[in-house]
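**Q** here's a sequence, model it:
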Amino acid sequence: MIVDDEFEMNSRFVVKPEIRLLGVDDSFLSGEEVLVVGTIFRGGEWLDGVVRTTITRDGMNATERLSRMVRETRHYRQLRAILLDGITFAGFNVVDIERLCHETGLPVIAIMRRVPDFEKIRRALTYLSDGEERWELILRAGRIVRVVTREPDRPIHIQFTGLREEDAVQIVRLSSTRSSIPEPLRAAHLIATGIACGESKRRS
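**A** Here you go, the predicted structure:
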């Protein structure tokens, strides 16, 4: 996987201070069906709503379930971008970000705190019967771009589709109001872990 600061642009739009964003994160693995929570934010300041779905642990239905969750929310027409906590949910249930973008009509930005260990991931996928298919989805997510938000010594990394690099970076920086991670994702993580574990847990 190539980590790069350049990416082919798709389309451009105006990033307003109160752009409606959906941040999506999953809870801890506690069974075959794993809770996924989405938070709707205006920029990185105002929480407007919460949505939920479930996906199968190590399954292949993350893209379908997330797409349906997005399209069925009453906030759908106000949303301008989807922020994901990485592209793997509930173990190795990989999100096809290009398909999610196509089915929802919304740009998708996957946020990572650090560059994944792709060799380790590749080895782990060999234990799954459809590991090669999942690996292809990971490769299709595109190049990884380093972004500094609030803390210069704690950069994050993103993959994205459906928008230009400069727009993706602007959205991430605009919405990272409390930490180096966009607020919609931070809130989604707190809510998802709070529901699943009885108390919210910070990301390690």
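
**Q** next one: the helix or strand containing residue 168 to chain centre, how far?
**A** Assessed by DSSP states H and E, residue 168 sits inside helix 165-175. Its chain's C-alpha centre and that of helix 165-175 lie 14 Å apart, by C-alpha atoms, centre = their mean, to the nearest Å.

**Q** what angle do the very next helix or strand once past it and helix 165-175 make?
**A** Per DSSP H and E, the first helix or strand lying C-terminal to helix 165-175 is helix 183-197. Counting by axes from the mean of the first three to the mean of the last three C-alpha atoms, to 10 degrees, helix 183-197 lies at 60 degrees to helix 165-175.

**Q** ok, residue 16 - contacts?
**A** Applying C-beta atoms under 8 Å, 6 or more residues apart in numbering, we find residue 16 in contact with residue 43. For every residue, glycine as well, the C-beta is placed using N, CA and C.

**Q** quick check: it vs residue 78, distance?
**A** From residue 16 across to residue 78, the span is 12 Å (C-beta to C-beta, to the nearest Å).

**Q** so, low pLDDT: which residues of the chain?
**A** For the chain, the stretches with pLDDT under 70 are 1-12, 198-204.

**Q** just give me the residue closest to the centre of it.
**A** Central residue of the chain (C-alpha atoms, centre = their mean): residue 84, 0.7 Å from the mean position.
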